[in-house]
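Novice: heads up, no residue letters with this:
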């Protein structure tokens, strides 16, 4: 999950995480908050070269690939129902690993149960937070 806020594309650490995930083909769920603004052409033409120099073209390619993912809006000031619905969209987009040939059926069932428990725990936390 990548939480996009104002300044996300100015933060070297967050950019590095996005680049690493894209390079390693790690599925990402981008979540944009109300303060996030998608970078414009000026960002790619001026800001990236200043920050990354000769690597700017590679970084631009990875960021554009990342931005092809449909982001989940997260209205931090929304009602409990809105926050709950948006949280459920995020949870639904979490990829479930399919059992591989090296994973035993018992281990696969444990992993699925653990994921289900984490998703239920997340939903409960969101409900508690949004009821405050």
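Specialist: Yes, it's here. Since the structure is predicted, the reported quantities are computational estimates derived from the model, not experimental observations. Residues are numbered from 1 along each chain as shown.
Novice: where along this protein do the helices fall?
Specialist: Under the criterion DSSP state H, the chain contains helices at 12-23, 41-42, 48-52, 56-67, 80-93, 105-130.
Novice: any idea which of those helices scores lowest on pLDDT?
Specialist: Between the helices of the chain, the one with the least mean pLDDT is helix 105-130; it has a mean of 56.
Novice: could you report the distance from residue 62 to residue 16?
Specialist: Distance of residue 62 to residue 16, given as C-beta to C-beta, to the nearest Å: 10 Å. (Each C-beta comes from the backbone N, C-alpha and C, glycine too.)
Novice: higher neighbour count, the two?
Specialist: residue 62 (18 against 11; other C-beta atoms under 10 Å).
Novice: just give me the neighbour total for residue 63.
Specialist: 19.
Novice: would you confirm that it contacts residue 15?
Specialist: Yes. With contact defined as C-beta atoms under 8 Å, residue 63 and residue 15 form a contacting pair (7.5 Å).
Novice: overlap in contacts of the two?
Specialist: Shared contacts of residue 63 and residue 15, defined by C-beta atoms under 8 Å, 6 or more residues apart in numbering, are found at residue 9.
Novice: number of residues surrounding residue 69?
Specialist: Residue 69 has 14 neighbours, counted by other C-beta under 10 Å.
Novice: to clarify, my last question referred to residue 85.
Specialist: Per other C-beta under 10 Å, the neighbour tally for residue 85 reads 12.
Novice: likewise residue 73?
Specialist: Neighbour count for residue 73, taken as other C-beta under 10 Å: 13.
Novice: and what of residue 23?
Specialist: So residue 23, with other C-beta under 10 Å, has 11 neighbours.
Novice: verify the stated contact: it with residue 62.
Specialist: Yes. In this structure, residue 23 is within contact of residue 62 by C-beta under 8 Å, at 6.6 Å.
Novice: could you double-check that residue 36 lies in contact with residue 2?
Specialist: No. The pair residue 36 / residue 2 is not scored as a contact, 10.6 Å apart, by C-beta under 8 Å.
Novice: of these two, who's got more company?
Specialist: Neighbour count, other C-beta under 10 Å: between residue 36 and residue 2, residue 36 has more, with 19 against 16.
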